[in-house]
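> quick one, fold the following:
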Amino acid sequence: MTSARARSFKVLITLASVFLMFGGPTYLIYVLNAMEVPYSYATLTGLVSFVAGIIIFLRFVSKET
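Residues are numbered from 1 along each chain as shown. Predicted structure coming up:
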């Protein structure tokens, strides 16, 4: 993998994990509530999204050091 590709991949993974951490608990819950999904399922989905974002981010950052 070239250096530019590697940097692009790192940026993409970082942005995806940050979106999961911040977008999941906010926008995802909002969209699921608009689709009339029960609030408990929407909240659980937001929590799972947040945890997945943290795990991806931490695993990715720990590989760089």
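
> I13 is in contact with F60, isn't it?
Yes: counting by CB atoms under 8 Å, I13 touches F60, with 5.4 Å between them. Glycine gets a C-beta too; all of them are placed from N, C-alpha and C.

> would you list every one of the strands in this structure?
Read by DSSP state E, the chain holds no strands at all.

> give me the residue at the spatial middle of it.
Geometric centre of the chain, nearest residue: L20, 1.8 Å, by CA atoms, centre = their mean.

> who does the longest helix along the chain touch, helix- and strand-wise?
Ranked by residue count and defined by DSSP state H, the top helix of the chain is helix 39-64. With contacts taken as 3 or more CB pairs under 8 Å, 6 or more residues apart in numbering; DSSP states H and E, helix 39-64 sits against helix 3-23, helix 29-34.

> could you find the closest non-adjacent residue to I56?
Of all residues not flanking I56 in the chain, S17 sits nearest, at 4.2 Å (CB to CB, 6 or more residues apart in numbering).

> that neighbour contacts F57, correct?
Yes: S17 sits in contact with F57 when judged by CB under 8 Å, with a separation of 4.0 Å.

> quick one, which of these two is more surrounded?
S17 (20 against 17; other CB atoms under 10 Å).
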